[in-house]
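Q: A predicted structure for the sequence below; I have some questions about it.
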Amino acid sequence: MNIRIGEACAVAGICVLSACGSSPTAPVTATVSTPATTTQPTTYTISGNLSATNGGQGIAGATVSIGNSTTMTGSVGGFSLSTPVTSVTLSVSIAGGGLVTRSTQVSNGNRFLTLDAISQSGGFDLKFYRELVRNGLEAPDALLPIEVWHVAPLVYLQTNDTDGHAVDPTLIDFAESTTGIALSDWTGGKFASLQVTRGTDTREFVSGWITIKWNNQNGVPYCGEAHPGNGGWINFAERTPGCRCAGQPAVPAPVIKHELGHMMGFWHTDSPADVMYYQADAGSCNTDISAREKYHAAIALKRPNGNLDPDVDPTSVLNEVPARVR
């Protein structure tokens, strides 16, 4: 019997492709693309300017260290250096004669920075600065980090006292106007507009607010007390005889300015010429925020909260404003 090849495959139930007369299919070979190799930089170039925090003038001859590299500033404070690629952030140190040593950090990369450091000329007093912004008068061995308001607080001015009685409207008006003046003075005009809400409620412990309260009890041993911080409060004593000043309401202007100073992040100082004098209740009824208080407060407002003595930024802060990436 003659059986053709195709019929044999059917009978056997098996078809081996090469034996059944079909041409074998060539295997498919996968093509794998090799990505182009990106050359990572081994150094970054960082340049910028260094100026005085208190004055704005360029600082020449200062040592600027960024990462593992160091350079000196030029005649108007300019600098440039190359630093090895080591980490995501780089430590920055600024030092030099007549400067308060400054430490901060920046992100790694080719960039232009505007840096600043405190000049010890022009009226700056490190001892007084520590008193005013770090509680250095009362706790010189436990200096505090800076903790100031960087946005204008909202003020809630209570119209009733602790017993629920209405406070003299003249005193309420005086407290509001004096608080507005003090807020502007403590911030060098940065917070020149005061936003006040009046009522019988409170904003204690509410972020963004300062609450002003009134204690009408006799024999209270203070003219005013403050619980500083975001959502804090001030409590003024209406009936303490030693707090009164001729021609002024029951709570005089120096007391209001003193307690607002605490709320803004400032501490007691050593001179009766200051509104933050540690014996302020015994101070002059005409005491105002002094020139040196305004000068040093303005410096503190240029530092992030958490800044440590003498001028060390917290590691969470990158000093890159106003930085331009090139």
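A: Looks like it came in fine.
Q: Output the below-cut-off pLDDT ranges for the stretch 151-300 of the chain.
A: The model of the stretch 151-300 of the chain has pLDDT under 70 over residues 280-283.
Q: hmm, 80 instead?
A: 241, 280-284 (pLDDT under 80).
Q: what about the strands in it?
A: 154-158, 195-199, 209-215, 224-227, 233-237 (DSSP state E, counting those that start in this stretch).
Q: mind listing what D313 touches?
A: S103, T104, Q105, R303, P304, G306, N307, N319 (C-beta atoms under 8 Å, 6 or more residues apart in numbering). C-beta: built from backbone N, CA, C; applies to glycine.
Q: Give me the PyMOL select line for those residues, limited to the buried ones.
A: Selection of buried members from these for PyMOL, criterion 16 or more other C-beta atoms under 10 Å:
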select buried, resi 103+104+105+303+304+307+319
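Q: Now pLDDT, secondary structure and distance to A95 too, for the contacts of D313, in JSON lines please.
A: As requested, those are exported to JSON lines (pLDDT from 0 to 100; DSSP: H, G, I helix; E, B strand; the rest coil; distance: C-beta to C-beta, whole Å):
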{"residue": "S103", "pLDDT": "97", "secondary structure": "strand", "distance to A95": "9"}
{"residue": "T104", "pLDDT": "97", "secondary structure": "strand", "distance to A95": "13"}
{"residue": "Q105", "pLDDT": "95", "secondary structure": "strand", "distance to A95": "16"}
{"residue": "R303", "pLDDT": "97", "secondary structure": "coil", "distance to A95": "17"}
{"residue": "P304", "pLDDT": "96", "secondary structure": "coil", "distance to A95": "20"}
{"residue": "G306", "pLDDT": "97", "secondary structure": "coil", "distance to A95": "21"}
{"residue": "N307", "pLDDT": "98", "secondary structure": "coil", "distance to A95": "17"}
{"residue": "N319", "pLDDT": "77", "secondary structure": "coil", "distance to A95": "15"}
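Q: In a markdown table: the contacts of D313, plus distance to S184.
A: Shown next, in a markdown table, are those (distance: C-beta to C-beta, whole Å):
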| residue | distance to S184 |
| --- | --- |
| S103 | 31 |
| T104 | 29 |
| Q105 | 33 |
| R303 | 20 |
| P304 | 22 |
| G306 | 25 |
| N307 | 23 |
| N319 | 27 |
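Q: Show me the two of the contacts of D313 that sit farthest apart.
A: Largest separation among the contacts of D313 by C-beta to C-beta: Q105 and R303, giving 14.0 Å.
Q: Just the helices from the protein, written as ranges.
A: 5-12, 126-134, 169-186, 253-264, 291-300 (DSSP state H).
Q: is it possible to export the ones you listed to JSON lines including mean neighbour count?
A: Formatted as JSON lines, the helices of the chain follow (neighbours: other C-beta atoms under 10 Å):
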{"stretch": "helix 5-12", "mean neighbour count": "12"}
{"stretch": "helix 126-134", "mean neighbour count": "21"}
{"stretch": "helix 169-186", "mean neighbour count": "18"}
{"stretch": "helix 253-264", "mean neighbour count": "25"}
{"stretch": "helix 291-300", "mean neighbour count": "19"}
